[in-house]
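Enquirer: I would like the atomic coordinates for the input below:
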Amino acid sequence: MNDLLITHDISQRDYDHKGLHTMSINEELVRIRIHEAQRYAEEQRLAHRLSAVQRWRRLSSWAARRAARFDRGL
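Expert: This next block holds a predicted model:
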């Protein structure tokens, strides 16, 4: 018969010796989810910074208009 025999060049002992390890599918999924969560958190931080900058600009503009009105009133 046509039997297929696959051999691996690196044994488990070699992985352990070199500090390498195989990842299970669950470990890989967890790693991906953590990476996605970190990327989402960074995007949220950037969005928050942007909205904070816009808020401070509006406040600054309002304060400048109020100061100009006050100066004209004196």
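
Enquirer: report the mean per-residue pLDDT for the longest helix seen in the chain.
Expert: Ranked by residue count and defined by DSSP state H, the top helix of the chain is helix 25-73. For helix 25-73, mean pLDDT rounds to 95.

Enquirer: now find how far off-centre that helix is within its chain.
Expert: Helix 25-73 sits 15 Å away from the centroid of its parent chain (C-alpha atoms, centre = their mean, to the nearest Å).

Enquirer: just want the most central residue of this structure.
Expert: In the chain, the C-alpha nearest the mean C-alpha coordinate belongs to residue 39, at 1.8 Å (C-alpha atoms, centre = their mean).

Enquirer: quick check: the gap between it and residue 24.
Expert: From residue 39 across to residue 24, the span is 23 Å (C-beta to C-beta, to the nearest Å). (C-beta placed from N, C-alpha, C; glycine too.)

Enquirer: check residue 32 too.
Expert: Distance of residue 32 to residue 24, given as C-beta to C-beta: 13 Å.

Enquirer: one more: residue 30?
Expert: Residue 30 is 9 Å from residue 24, where distance means C-beta to C-beta.

Enquirer: between the two, which has more neighbouring residues?
Expert: The neighbour comparison of residue 30 against residue 24 (other C-beta atoms under 10 Å) goes to residue 30, with 12 against 9.

Enquirer: near residue 67, how many other residues are there?
Expert: Number of residues near residue 67 (other C-beta under 10 Å) recorded here: 10.

Enquirer: who are the contact partners of residue 37?
Expert: By C-beta atoms under 8 Å, 6 or more residues apart in numbering, no residues touch residue 37.
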